[in-house]
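Q: Turn this into a structure:
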Amino acid sequence: MFNKYNVDNWEWYKPSISQYTRYFPYELAAGLKIEDVYMQIKNARSSLLFTQYDSYKPFVTEDNDITSTYLKSKFLFDALANYNYCIDLSWQFLYIYYGNNDYSIIQDNKVYERETKECNKESLRYRMVGLAKEREKFDYVMHFLNIPLTKEVRNAYNYIKHRGTYHIKGLGIQGDDRFPTVFSGAVPTLKIITREIIDLDEWGSKLTNFDISFYQYFEKLVQELMPCDFTDGTVIIKNLPLISERLEQWYKGSNRNKNVES
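A: Okay, here's the model as predicted:
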């Protein structure tokens with residue numbers, strides 16, 4: 001289904017020994033984030049593929065319309081969540097790439113976790129526009145976020161996050177949105193809380209189109225930012241003394257900072 005939009009090359013950005021002998025910490029951590037995106041989009045595609053099954057007999061003991069509808073909705077919601085993770089991780093990729101070139105992001109798990117948690121629209125703007133002067137790339141990211149389809153996918157995920165779930169035809173009864181009895185007084189009508197209805201087939205098509213859109217968006221960022229030979233497996237032995245020197249400088253600076261804080 002997605003052969004034309006193959007993402008297997010994103011997996012190759014996970015840094016190995018060869019990359020550690022050739023690139024800076026921010027590039028190594030950014031490469032790991034690319035692989036994170038790869039894992040989530042593959043999860044999303046797998047779930048989306050399962051929504052297209054007409055029968056789930058190999059997976060369930062009792063295959064009927066209710067079971068089929070339930071499993072389709074489960075896989076669709078899984079895909080929806082994974083695609084939203086991809087958006088968040090694409091921002092973390094940029095936030096780390098434009099961050100400080102410091103070995104602490106590799107050496108200290110707390111720093112790495114803090115970098116991912118601090119990433120939001122305003123902090124990303126500060127790094128990309130305020131520090132790196134990359135207004136054009138930041139605008140490119142915001143443009144993708146404001147595409148109507150991206151907004152729909154984002155809003156649907158947030159609806160589930162805050163409301164619980166959608167109503168799916170064939171799974172229970174939604175009922176009317178008004179109480180059957182009219183009361184006297186200023187507000188005679190009592191509303192019944194209902195869920196929004198989601199069409200599984202329609203959203204299967206939407207997520208397929210979103211996948212293509214996200215692929216084009218993220219592939220452009222990867223190709224423009226990461227070194228063209230990053231996935232080359234060559235180990236540069238002669239760089240080891242330089243890495244040792246940088247690590248020592250980082251270690252001394254880190255200890256000085258700790259002494260100042262204490």
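
Q: where along this structure do the helices fall?
A: With DSSP state H as the criterion, the chain has helices at 8-11, 17-20, 25-50, 65-97, 104-107, 109-118, 121-125, 135-145, 148-163, 200-225, 240-261.

Q: what's next to the second one, contact-wise?
A: So the one you mean is helix 17-20. 27, 28, 31, 230, 232, 233, 234, 235, 236, 243 (C-beta atoms under 8 Å, 6 or more residues apart in numbering). C-beta here means a position set from N, CA and C on the backbone, and glycine is covered the same way.

Q: can we see that at 6 Å?
A: By C-beta atoms under 6 Å, 6 or more residues apart in numbering, the list of residues contacting helix 17-20 from outside reads 28, 233, 234, 235.

Q: And the second one, its phi and psi?
A: In this case it means residue 233. Dihedral angles of residue 233 (phi, psi; degrees, to the nearest 10) stand at phi -90, psi 10.

Q: about what we covered before: I'd like to know which of the helices of the chain lies nearest to residue 56.
A: With C-beta to C-beta as the measure, helix 65-97 is the member of the helices of the chain nearest residue 56 (5.2 Å).

Q: Would you mind listing the buried residues in the closest one?
A: Of the residues in helix 65-97, 67-68, 70-73, 75-87, 89-97 count as buried by neighbour count, 16 or more other C-beta atoms under 10 Å.

Q: any idea which of the contacts of helix 17-20 has the most stuff around it?
A: Most neighbours among the contacts of helix 17-20, by other C-beta atoms under 10 Å: residue 28, with 21 neighbours.

Q: any idea how far that residue lies from residue 248?
A: 18 Å (C-beta to C-beta, to the nearest Å).

Q: How about residue 139?
A: 40 Å.

Q: Check residue 34 too.
A: As judged by C-beta to C-beta, residue 34 and residue 248 stand 29 Å apart.

Q: Residue 125 too?
A: Residue 125 is 35 Å from residue 248, where distance means C-beta to C-beta.

Q: what's the answer for residue 35, then?
A: 29 Å.

Q: who's more crowded, those two?
A: Higher neighbour count among residue 35 and residue 248: residue 35, with 16 against 10, using other C-beta under 10 Å.

Q: give the contact list for that one.
A: Residue 35 touches 11, 13, 14, counting by C-beta under 6 Å, 6+ apart.

Q: Can you tell me which of the residues you listed has the most neighbours?
A: residue 13 (23 neighbours).

Q: That one contacts residue 33, correct?
A: No: contact criterion C-beta atoms under 6 Å: residue 13 and residue 33 do not qualify, at 8.4 Å.
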